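K.L.:
With the sequence up front, the predicted model follows.
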Amino acid sequence: MIYLASPYSHTDKRIEQWRYQAVLNYTIRQQRLGVLLFSPIVYGHPFAQAGLPSDFTYWRTLNERLILGCSCLHYYMLPGWEDSIGVKAEIEFAESYGLEVEAIEYD
């Protein structure tokens, strides 16, 4: 299974919504191709909408455990990914455990 890292948190909730929708669309395309992929953004967005925190610090422990259950980590290069504390931390975490890390261009 692939863990899909992507930026999400932002002070502008419209940007969070846009990021969620972009990752959801990508995840759906991969699902249709039969790719086993887990996106913490697709999973966690409804929780954030219900009032739970949307920041990386809150989700870090869960995300790291999920990364360990995956064979590799892909990061989706949405605008702002380079500034994402969460994406950087997830990449570093995956690399520290010897997992393959691959960049996925945003289309």
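P.N.:
Looks like it came in fine. Numbering: from 1, shown residues only.
K.L.:
helix or strand for residue 4, which one?
P.N.:
Following DSSP states H and E, the helix or strand that holds residue 4 is strand 2-5.
K.L.:
Residue 64 now?
P.N.:
helix 56-68.
K.L.:
Kindly report the same for residue 24.
P.N.:
Assigned by DSSP H and E, residue 24 belongs to helix 13-32.
K.L.:
Check the gap between residue 80 and residue 39 for me.
P.N.:
From residue 80 over to residue 39 the distance is 16 Å, taken as CB to CB, to the nearest Å. (C-beta placed from N, C-alpha, C; glycine too.)
K.L.:
which of these two has more neighbours?
P.N.:
The residue with more neighbours, out of residue 80 and residue 39, is residue 39; 22 against 15, by other CB atoms under 10 Å.
K.L.:
Let me know the pLDDT of the spatially closest residue to residue 70 that is not a sequence neighbour.
P.N.:
Distances taken as CB to CB, 6 or more residues apart in numbering place residue 3 nearest to residue 70, at 4.1 Å, with adjacent residues excluded. With respect to pLDDT, residue 3 scores 98.
K.L.:
before we move on, back to that, check which helices and strands the strand holding residue 4 sits against.
P.N.:
Contact here means 3 or more CB pairs under 8 Å, 6 or more residues apart in numbering; DSSP states H and E; on that basis strand 2-5 packs against helix 13-32, strand 37-38, helix 40-49, helix 56-68, strand 72-77, helix 85-96.
K.L.:
For it, which strands pair with it and how are they oriented?
P.N.:
Here strand 2-5 has these sheet partners by DSSP bridges: strand 37-38 (parallel), strand 72-77 (parallel).
K.L.:
Need the residues that contact stretch 78-85.
P.N.:
Stretch 78-85 is contacted from outside by 6-10, 15, 19, 22-23, 56, 75, 87, 106, using CB atoms under 8 Å, 6 or more residues apart in numbering.
K.L.:
For the residues you listed, name the two members farthest from one another.
P.N.:
Farthest apart among the contacts of stretch 78-85 by CB to CB are 56 and 106. That separation is 19.4 Å.
K.L.:
So these two - more neighbours on which side?
P.N.:
Using other CB under 10 Å, the more surrounded residue of residue 56 and residue 106 is residue 56, with 19 against 13.
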